[in-house]
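Enquirer: Here is my input; please provide its structure:
(one chain, ligands or ions: 2)
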Amino acid sequence: MDRPRLTTLLTWAVVGTYLLVALGATAAADAGPALAAAHHVAAVLVGLLLVATAVVARRAAAARGVRIGTAAVVVAYPVQAGIGLAGRSGVRPFGGRLHLLGGIAVFAVLLATLIHRLETTAGASVADDELIDAESPTDRSATASAADSAGDALAVDSAGDAPASDSRSTTLGDRLRAYLELTKPRLMWLLCLLALAGMGLATATGAALDGVTVVATLGGGVLAIGAAGTFNHVYERDRDRRMRRTADRPVATDRVGVRRAVAFGVLLVAVSMAILLAFVNVLATVLTALAVVYYAYVYTVLLKPTTRWNTVIGGGSGALPALIGYAAVTGTVGLPAVLLAVVVCCWTPAHFYNLAIAHREDYARADYPMLPVVAGVSTARRRILAWLGITLVAAALLGTVTDLGLLYALATTALGAVFVRSVVRQYDADRRAGDVGTDADAPAANDARAAAYRSFHASNAYLGAILGAILLETLAF
Ligand code: HEM
Ligand SMILES: CC(C)=CCC/C(C)=C/CC/C(C)=C/COP(=O)(O)OP(=O)(O)O
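Expert: Ligands and ions are numbered 1, 2, ... in the order given. Reported below is the predicted structural model:
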């Protein structure tokens, strides 16, 4: 089923409006004539796109909310443009922020209209009917039947133990690989890039960035992430055994014993703290220790098994590297670092909910109250776009408190567009599948899962791109 033309128009209207917000927040304010002209040309083009979208919505007799949303922005747009033009001639109410806030409001209305459009054309997911309420005590038979109905290959016996297998690693290489796997190396590149971006933002204070600080902060950070990941593996080993995605993990399969894993994690923390204290500073060390506790205990033990808000609140653990990097350079925590951390906190649900959709049966089997399990796939999909919209606004606002300019504005807009489009295409896949997020091997379910994974990777590409742009703008230009 082709995506309706109106949905495509709405998607580009969201992207075009966000481009204006991002340009306005980072460059248009004190832009030279060329950039100001670019902002105005873009404003005219986006205005025409909004009119076209409203006309198509009306002619297509789209849902009432879509017609109202598209008409509202057409009415508000000339007012928004007028405020902008007044600003160019020196009339700048609210310190010139009114124009930025107006742009954000138009973007928010368009995004809400897009979500409404997708929801009214995608329809509720069939899978929503089989809600598994994992927030209340779920009896094992219910989740086991969820596993069976998903045609799950992974049979768990009544004690929940993994299938018997001689999984103890034999060679030294196997054992080293098992310990490396405990540290969750695949997460590291983005978390280190986040810490580097925090360092880059810190240089705006005039503080110098030296090689020892960079190497020691990243080295200590990598060890700390490894420790936190190890403790997470240890605590989650029983549930990991019940999930296809994690059943083969080192502690879950006894390739690494619990005691050895704990000792390994403690060693990593100790060396991390020693490096940070010796070569960086106390604040960076304390923040790193906090991040370990936040992930390994607050998220892993307190939040993840108990509440649907685990990802939203737990996201703070992954945002802390922004503060750590900034503190490593300045010995303080500045507003730019806090705002960057807010961007990552908002980004995390948009990052993870796709994975949770793709593996919802897995999470139900492990009694994790992930959002798609307890509230349904449709709710999770809506929240992905909503959290993505909030992330994009927060990313634009970061431009108002820093010297970030055109490269950053284009990065957040271009990769933001890729991310938004991946979620829209996920709706298409869900509509074709007529069901979403199951672990069953039906081809249509596989397509929906593949679409969810594409959106998941788009989330990493988005964050990687804006962090890279921050680094280039703060350190290279
Ligand atoms: C509560 C917060 C978060 C949750 C629940 C979450 C969840 C996940 C999960 C389940 C995976 C797949 C891991 C695997 O199967 O090996 C993953 C992968 C990943 N996460 Fe997150 N994540 C969170 C925060 C973050 C943060 C803050 C970052 C970086 C700033 C991040 C970066 C990544 C990266 C780079 C990958 C690897 C993607 C790949 O395999 O290519 N995550 N995340
Ligand atoms: C400096 C420092 C220590 C920072 C900590 C940053 C950090 C490791 C964040 C983790 C992000 C996260 C919650 C990953 C998923 O865990 P999960 O248990 O949901 O994933 P899983 O299901 O694959 O185990």
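
Enquirer: wait, residue 417 sits on residue 15?
Expert: Yes - if you go by C-beta atoms under 8 Å, residue 417 and residue 15 touch, sitting 4.3 Å apart. (C-beta placed from N, C-alpha, C; glycine too.)

Enquirer: list residues touching both of the two?
Expert: Common neighbours of residue 417 and residue 15 (criterion: C-beta atoms under 8 Å, 6 or more residues apart in numbering): none identified.

Enquirer: Is the residue of the stretch 151-300 of the chain found nearest ligand 2 within a helix or a strand, and which one?
Expert: Proximity of the stretch 151-300 of the chain to ligand 2 (C-beta to the nearest ligand atom) peaks at residue 291, 3.5 Å away. Element membership for residue 291, per DSSP states H and E: helix 282-293.

Enquirer: and that helix, what does it pack onto?
Expert: helix 211-235, helix 258-279, helix 310-330 (3 or more C-beta pairs under 8 Å, 6 or more residues apart in numbering; DSSP states H and E).

Enquirer: Buried residues of that helix, list them for me.
Expert: 283-285, 287-292 (16 or more other C-beta atoms under 10 Å).

Enquirer: what separates the nearest residue to the residue of the stretch 151-300 of the chain closest to ligand 2 once chain neighbours are set aside from ligand 2, distance-wise?
Expert: Excluding the flanking residues, the one nearest residue 291 by C-beta to C-beta, 6 or more residues apart in numbering is residue 320, at 4.0 Å. From residue 320 across to ligand 2, the span is 6 Å (C-beta to the nearest ligand atom, to the nearest Å).

Enquirer: how many neighbours does residue 75 have?
Expert: Neighbour count for residue 75, taken as other C-beta atoms under 10 Å: 9.

Enquirer: Now it: which helix or strand?
Expert: Going by DSSP H and E, residue 75 is in helix 64-88.

Enquirer: so how far is that helix from its chain's centroid?
Expert: 29 Å (C-alpha atoms, centre = their mean, to the nearest Å).

Enquirer: So for that helix, mean pLDDT?
Expert: Mean pLDDT, computed over helix 64-88, is 90.

Enquirer: buried residues in that helix?
Expert: 65-67, 69-74, 77, 80-81, 83-84, 87.

Enquirer: any idea of the angle the following helix or strand past that helix forms with helix 64-88?
Expert: Later in the chain than helix 64-88, the nearest helix or strand by DSSP H and E is helix 97-122. With axes from the mean of the first three to the mean of the last three C-alpha atoms, to 10 degrees applied, the angle from helix 97-122 to helix 64-88 works out at 160 degrees.

Enquirer: Can you name the residues of the stretch 251-400 of the chain sitting close to ligand 2?
Expert: 288, 291-292, 295, 299, 314, 317-318, 320-321 (C-beta under 6 Å from any ligand atom).

Enquirer: rerun at 8 Å
Expert: Taking C-beta under 8 Å from any ligand atom as the criterion, the stretch 251-400 of the chain approaches ligand 2 at residues 287-288, 291-292, 294-295, 299-300, 304, 310-311, 314-315, 317-318, 320-321, 324, 348, 352.

Enquirer: Now narrow those residues to whatever sits close to ligand 1.
Expert: 299, 304, 310-311, 314-315, 317-318, 321, 348, 352.

Enquirer: pull the helix or strand with minimum mean pLDDT from this structure.
Expert: The helix or strand of the chain with the poorest confidence is helix 140-149; it has a mean of 41 (mean pLDDT, DSSP states H and E).

Enquirer: If you average the pLDDT over the helix or strand following it, what comes out?
Expert: Downstream of helix 140-149, the next assigned helix or strand under DSSP H and E is helix 172-182. In this model, helix 172-182 has a mean pLDDT of 92.

Enquirer: now stretch 417-432
Expert: 89.

Enquirer: Kindly report the same for stretch 342-360.
Expert: 95.

Enquirer: Just the CA trace of that stretch, in CSV.
Expert: Provided in CSV are the C-alpha atoms of stretch 342-360 (Å, rounded to 0.1, in the frame of the first residue of the first chain):
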residue,chain,number,x,y,z
VAL,A,342,18.5,16.9,28.1
VAL,A,343,18.7,16.2,24.4
VAL,A,344,20.0,12.7,25.1
CYS,A,345,17.4,12.1,27.8
CYS,A,346,14.7,13.0,25.3
TRP,A,347,16.3,11.0,22.6
THR,A,348,16.6,7.8,24.6
PRO,A,349,12.9,6.7,24.4
ALA,A,350,12.8,7.5,20.7
HIS,A,351,16.0,5.3,20.5
PHE,A,352,14.8,2.4,22.5
TYR,A,353,11.1,2.1,22.0
ASN,A,354,11.7,0.7,18.5
LEU,A,355,13.7,-2.1,19.8
ALA,A,356,11.1,-2.7,22.5
ILE,A,357,8.5,-2.9,19.7
ALA,A,358,10.5,-5.4,17.7
HIS,A,359,11.1,-7.6,20.8
ARG,A,360,7.9,-7.0,22.7
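
Enquirer: Quick check: residue 187 touching residue 228?
Expert: No - Residue 187 is beyond contact range of residue 228, at 9.6 Å (criterion: C-beta under 8 Å).

Enquirer: With neighbour numbers in mind, choose between the two.
Expert: The neighbour comparison of residue 187 against residue 228 (other C-beta under 10 Å) goes to residue 228, with 28 against 15.

Enquirer: quick one: contacts for the more buried one?
Expert: 265, 291-292, 295-296, 317.

Enquirer: Could you do residue 57 as well?
Expert: Here residue 57 is in contact with 6, 66-67, 70-71 (C-beta under 8 Å, 6+ apart).

Enquirer: can you rerun that using 10 Å?
Expert: Residues near residue 57 by C-beta atoms under 10 Å, 6 or more residues apart in numbering: 6, 9-10, 63, 65-71, 113, 117.
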